[in-house]
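Asks: below: sequence and its predicted model.
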Amino acid sequence: MAVQAGGELASCPVPTSGGASYKFTPNQAMSVTNSAGAIQHLAIVNTILSLCAACMVSFGFSILFRKEHKLSMVDVQNATLAGGVAMGSSASMAVYPGGAIGIGCIAGLLSCFGYNYIQPYLEKKIKLHDTCGVNNLHGMPGILGALISAIVAGCNANSEYYGSQLAENFPAGYTQSKQGGIQVASIVNTVVFAIVGGLLTGMIIRPLDDSVPRYYDDSVNWIEEEEEDE
């Protein structure tokens, strides 16, 4: 995208992937609900509110956490989406607008903190190279959202909050305490699968380590633009 700057056109980077996520994340939250109508509307509204909240706080915490006290495109392109990730588990639950905004704010803060402090710490201490910041955008906000869904389900999965739509949102018909327990069990199950899968993947690719001449260098396996121009 080009903008006018000092009488001349200047290049301005636009985080198009983030814009697409803002359009599709509410749709994804809506698609996992069990029926059309109020429950889907609830999922859309909760997700949009959480996304907007994460977006607002991410800009502030990006400036606060960066040593230069300036915005970082890493935070702007990623942490601003953390609200949608955190809202995924409880999008169709009765968290109310204030709850959705609060979830987005916490998710944005957690993601920014991860990019600025947790990721460098893990890289320094255990040589963990999270090149795409998966833990910061999807890992920690995802666990946050799952924990919130367990709390919400355990506290208000009853007809007082959902009325006739209780069966649509919780079709298994469990008591609210059991439903909350199932949410917690799902978190444990997911984390165990992720850890075991990551360890197995590392064991498989570790023998290939000596065959890589230079890490994070596309020229090893790819034709670069300069070479094509020649």
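Replies: It's in. Numbers count the residues shown, from 1 in each chain.

Asks: shaky segments in the chain?
Replies: 1-23, 27-36, 172, 209-216, 226-230 (pLDDT under 70).

Asks: for it, longest helix please?
Replies: Determined from DSSP state H, the single longest helix within the chain is helix 176-205.

Asks: all strands for the protein, in order.
Replies: 2-5, 8-11 (DSSP state E).

Asks: just to revisit the earlier point, helices or strands next to the longest helix of the chain in the packing?
Replies: Helix 176-205 sits against helix 140-156, with contacts defined as 3 or more CB pairs under 8 Å, 6 or more residues apart in numbering; DSSP states H and E. (Glycine included, C-beta is placed from N, CA and C.)

Asks: mind checking how far the helix it packs on is from the chain centre?
Replies: Distance, stretch centre to chain centre, for helix 140-156: 14 Å (CA atoms, centre = their mean, to the nearest Å).

Asks: now the helices for the protein?
Replies: Ranges of helices within the chain are 16-31, 38-65, 73-78, 82-87, 96-113, 119-126, 134, 140-156, 159-162, 166-169, 176-205, 225-229, based on DSSP H.

Asks: how many neighbours does the spatially closest residue to Ala167 that is not a sequence neighbour have?
Replies: The spatial neighbour of Ala167 that comes closest, neighbours along the chain excluded (CB to CB, 6 or more residues apart in numbering), is Gly173 at 6.9 Å. Burial of Gly173 is recorded as 9 neighbouring residues (other CB atoms under 10 Å).

Asks: 56 is where my numbering starts, stick with that
Replies: Right, with 56 as the first residue, what we last looked at is Gly228.

Asks: list the buried residues for the longest helix of the chain?
Replies: For helix 231-260, a neighbour-count test (16 or more other CB atoms under 10 Å) marks 231, 234-235, 238-239, 242 as buried.

Asks: closest one of those residues to Lys180?
Replies: Nearest to Lys180, judged by CB to CB, of those is Ile242 at 24.7 Å.

Asks: and the nearest residue to that closest one once chain neighbours are set aside, how far is that from Tyr229?
Replies: Here the nearest residue to Ile242 in space, its sequence neighbours aside, is Ala201; by CB to CB, 6+ apart that works out to 4.6 Å. With the distance defined as CB to CB, to the nearest Å, Ala201 ends up 17 Å from Tyr229.

Asks: who has more neighbours, the two?
Replies: Ala201 (20 against 14).

Asks: ok, that one - contacts?
Replies: 144, 238, 241-242, 245 (CB atoms under 8 Å, 6 or more residues apart in numbering).

Asks: let's go with 7 Å and repeat that
Replies: 144, 238, 241-242 (CB atoms under 7 Å, 6 or more residues apart in numbering).
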